[in-house]
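**Student:** requesting a structural model of the entry that follows:
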Amino acid sequence: MKRLFIPLLILLIATPLIAATPFTSPVKRVILDAGHGGEDPGAVGSLSKEKEITLAVTKLLAKELTEGGLEVMLTRESDTFLSLEERVSIASGENPGVGHSLLFVSIHANSSTSPQAQGFEVLIKKSGHWVHFLEATSSDWQIGRYATATASQLNTALNRQNLLLATAVNHSIARYYPEMSNRGVKEQDVWVLNGSKNPSVLVEIGFISNPLEEKLMLEGGWQAKMASAIAEGLFDYISGY
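**Tutor:** Below you'll find the model as predicted:
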């Protein structure tokens, strides 16, 4: 298993804890985002399209989380197109409820020009990206939720929770798939992660451009196992409070 990149470890160890932020409240709801859809196929393999694999895994994941007692919302439930702006609006505009937190998880399949590229990875936004929690158009619940801390405190706390969430998911997938290459937790400039005001990760479950991994990702048993791995990682994160 590969180690986390040093800057991420430093962030996790050195970041001071914030006593009270919205992100440490009990998680009640998870927003699941199946990557691509409709006119946007995502990465295309020799046997499948990314949008098909992501939706299948996302639906299985939703079932696991619901059975575990969480409320689940899907950005899409069928082969429909959603713009990045619409996904961000859902991720940041959903009210978690007083005294609760929510998570945003986006499911994708990776691709490369090299058919040898393989493995899974978990992405989080870059820690230097500043999330604007309050704007002129903020609703009353957002004002009540985010006005209790400074913008700096909120961004510091969100970065920490992103990393804790990504680490939990990464470790869980590694336990379920010890044979897969673990590409680790990475900070990346991703639109849906940059726009989320809640702890968020993007999971790249494998490479559709790798013939072996694409074939595996099309198997129902493999998809169910990946859904279980991600779900267990989310529950591990939640139980860490």
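**Student:** any idea how far stretch 80-94 is from the chain center?
**Tutor:** 14 Å (Cα atoms, centre = their mean, to the nearest Å).
**Student:** next one, pLDDT for residue 20 please.
**Tutor:** Here the pLDDT value assigned to residue 20 is 67.
**Student:** leaving out the residues flanking it, which one is nearest to residue 96?
**Tutor:** Spatial nearest neighbour of residue 96, excluding adjacent residues (Cβ to Cβ, 6 or more residues apart in numbering): residue 102 at 4.2 Å. Yep, even glycine has a C-beta here, placed from its N, CA and C like the rest.
**Student:** same question but for residue 75, I mixed them up
**Tutor:** In space, and not counting its chain neighbours, residue 75 is closest to residue 33: 4.4 Å by Cβ to Cβ, 6+ apart.
**Student:** repeat that for residue 26.
**Tutor:** Nearest one to residue 26, counting by Cβ to Cβ, 6+ apart, is residue 100 at 5.9 Å.
**Student:** did I read that right, residue 116 in a helix?
**Tutor:** No: assessed with DSSP: H, G, I helix; E, B strand; the rest coil, residue 116 is coil; it does not lie in a helix.
**Student:** which residues does it contact?
**Tutor:** residue 210 (Cβ atoms under 8 Å, 6 or more residues apart in numbering).
**Student:** switch to 6 Å and redo it
**Tutor:** The neighbourhood of residue 116, defined by Cβ atoms under 6 Å, 6 or more residues apart in numbering, contains no residues.
**Student:** per-residue confidence for it?
**Tutor:** pLDDT recorded at residue 116 is 98.
**Student:** distance of the most far-flung residue of the chain relative to its centre relative to residue 172?
**Tutor:** Distance from the centre of the chain peaks at residue 136, with 27.4 Å (Cα atoms, centre = their mean). Residue 136 sits 40 Å away from residue 172, going by Cβ to Cβ, to the nearest Å.
**Student:** tell me the pLDDT at residue 130?
**Tutor:** For residue 130, the pLDDT comes out at 94.
**Student:** I misspoke; the intended subject was residue 234.
**Tutor:** On the pLDDT scale, residue 234 is placed at 98.
**Student:** check residue 24 too.
**Tutor:** With respect to pLDDT, residue 24 scores 88.
**Student:** helix or strand next in line after the helix or strand hosting residue 184, which one?
**Tutor:** For residue 184, the element it lies in under DSSP states H and E is strand 182-187. Using DSSP H and E, the helix or strand that follows strand 182-187 in sequence is helix 191-194.
**Student:** so what does that next one touch, helix or strand wise?
**Tutor:** Applying 3 or more Cβ pairs under 6 Å, 6 or more residues apart in numbering; DSSP states H and E, one finds that helix 191-194 contacts helix 84-93.
**Student:** before we move on, the earlier item: measure the residue farthest from the centre of the chain to residue 33 for me?
**Tutor:** Distance of residue 136 to residue 33, computed by Cβ to Cβ: 26 Å.
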